[in-house]
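Participant: model the structure of this input:
(chains A and B)
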Protein chains: 2
Amino acid sequence: MPRTVDPDARRAELCDAVLGIAATEGFDGVTIRRVAAATGASTSAVTHYVSGRAELLRLAVRTLIDRRRAHLRGVADDREPAGALRAVVEWSALDADARDHQVWLAVVVAAPREPVLRDELADFNSWWDALLADLLRAAGGRDDVAVLVDALGVVVDGMIMAGLQSDAPWAPERRGAALDRLLTALGV
Amino acid sequence: MPRTVDPDARRAELCDAVLGIAATEGFDGVTIRRVAAATGASTSAVTHYVSGRAELLRLAVRTLIDRRRAHLRGVADDREPAGALRAVVEWSALDADARDHQVWLAVVVAAPREPVLRDELADFNSWWDALLADLLRAAGGRDDVAVLVDALGVVVDGMIMAGLQSDAPWAPERRGAALDRLLTALGV
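Facilitator: Numbers count the residues shown, from 1 in each chain, chains lettered A, B, ... in the order given. Sure, this is the predicted structure:
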């Protein structure tokens, strides 16, 4: 009796393989052949579920971004705006999964030559900027919301890079202290 | 009459090819074969000047780092400590060559699996931390030098990532405004 396969579960497995390869080797390492090998399938079994490499990249990065958005919404909900703002930045900078941070950096690095990644990143960045601007406006007392949104984006990206410095990874307390110093200075 | 070749000039040319490939494709794309093709040489002509890929990577990254250190020393000299501190951070975050920023990100991304890059990055990071700590102490009035050094490292890395966001690159004024907001908040 043939094994029945749930197409959504199969695509989720393929996306997970893409993100695993991208985390360690970057998106240049992601090929249909490599993803097939990582999931123990043939290349034609992969292309049965996705039209090609571009769709595979898009699905995988959307998985990552949808998870990130859902988590950030959860972090923001049930807090007043100022607390939500700080919690959103802290989660993005410190608590997101380490592999997700590696993939994130890989997305930024590969985006100039991968239109699919560039589009998904642009979508996420717009959403993130709007989320921060809304929280800053709701918290009130700011006349430089646009610049603060940019500054907080810089803080999150810089914390992600600090977390990935492989020569001497910062202990959680050190990362927390640097982030706290920055957010306190910005009045967040 | 055979063309005489200055070995230092030849190695400099090879290093430049390595950095060019790393900037666009990351260090996974750097092979003796690719570097040979990029410089119009045979692979044996490349290995005549370097012992192999590891030495080639080390030479190339040292070229980048030596240039960065020399420039930072020049930026810091002839300024009082507070001005030197701000100038050093501003140059690192904003004015370094765009290709150098791309290579820098590629170094961080590849360091976990390239011991040569990890060592060179660790060396540079120690030097950078010491430079900033010296300037902060010389400027005086700080009781949290170590945390501030980390915070400024986060700011520089975050600004580098912001500069490389390819979907909608920040105009120089926007980058300058975000950096100024962060440094002013930190009292730098």
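
Participant: does whichever residue of chain A sits closest to chain B lie in a helix or a strand, and which?
Facilitator: Nearest residue of chain A to chain B: residue A:158, at 2.8 Å (C-beta to the nearest C-beta). All C-beta atoms are positioned from the backbone trio N, CA, C, and that covers glycine. In the assignment (DSSP states H and E), residue A:158 maps to helix A:145-164.

Participant: does the next helix or strand after that helix reach chain B?
Facilitator: Next helix or strand after helix A:145-164 toward the C-terminus (DSSP H and E): helix A:172-186. Yes. Using C-beta under 8 Å from any C-beta of the partner chain, we find that helix A:172-186 touches chain B at A:174, A:177, A:178, A:179, A:181, A:182, A:185, A:186.

Participant: quick check, pLDDT for residue A:45.
Facilitator: Model confidence at residue A:45, expressed as pLDDT, equals 91.

Participant: same deal with residue A:1?
Facilitator: pLDDT for residue A:1: 49.

Participant: and what of residue A:141?
Facilitator: The model reports residue A:141 with a pLDDT of 83.

Participant: try the one 4 residues further on
Facilitator: According to the prediction, residue A:145 has pLDDT 96.

Participant: residues near it, how many?
Facilitator: Using other C-beta atoms under 10 Å in any protein chain shown, residue A:145 has 15 other residues around it.

Participant: where does chain A dip in pLDDT?
Facilitator: Residues of chain A meeting the criterion pLDDT under 70: A:1-4, A:166-168.

Participant: if we go to 80?
Facilitator: Residues of chain A meeting the criterion pLDDT under 80: A:1-5, A:96-97, A:165-169.

Participant: do a quick rundown of the helices in it.
Facilitator: Using DSSP state H, the helices found in chain A span residues A:7-25, A:32-38, A:43-47, A:53-76, A:81-90, A:98-110, A:115-139, A:145-164, A:172-186.

Participant: tell me the contacts of residue A:172?
Facilitator: Each residue near residue A:172 by C-beta atoms under 8 Å, 6 or more residues apart in numbering or on different chains is listed here: residue A:94.

Participant: same question, residue A:62
Facilitator: Taking C-beta under 8 Å, 6+ apart as the test, what residue A:62 contacts is residue A:120.

Participant: with residue A:158 instead?
Facilitator: Going by C-beta under 8 Å, 6+ apart, residue A:158 touches B:153, B:154, B:155, B:156, B:157, B:158, B:159, B:161.

Participant: can you do 10 Å?
Facilitator: A:93, A:178-179, A:182, B:93, B:150-162, B:182 (C-beta atoms under 10 Å, 6 or more residues apart in numbering or on different chains).

Participant: now swap in residue A:90 and tell me
Facilitator: A:75, A:156, A:159, A:176, A:179, A:180, A:183, A:188.

Participant: which of these has the largest number of neighbours?
Facilitator: Going by other C-beta under 10 Å, residue A:159 tops these with 27 neighbours.

Participant: hang on, the earlier thing: widest-spaced pair of the contacts of residue A:90?
Facilitator: Spatial extent of the contacts of residue A:90 (C-beta to C-beta) is set by the pair A:75 and A:180 at 17.0 Å.

Participant: ok, now how distant is the closest residue to residue A:71 other than its chain neighbours from residue A:131?
Facilitator: Closest residue to residue A:71 apart from its sequence neighbours, by C-beta to C-beta, 6 or more residues apart in numbering or on different chains: residue A:91 at 6.9 Å. Residue A:91 sits 12 Å away from residue A:131, going by C-beta to C-beta, to the nearest Å.
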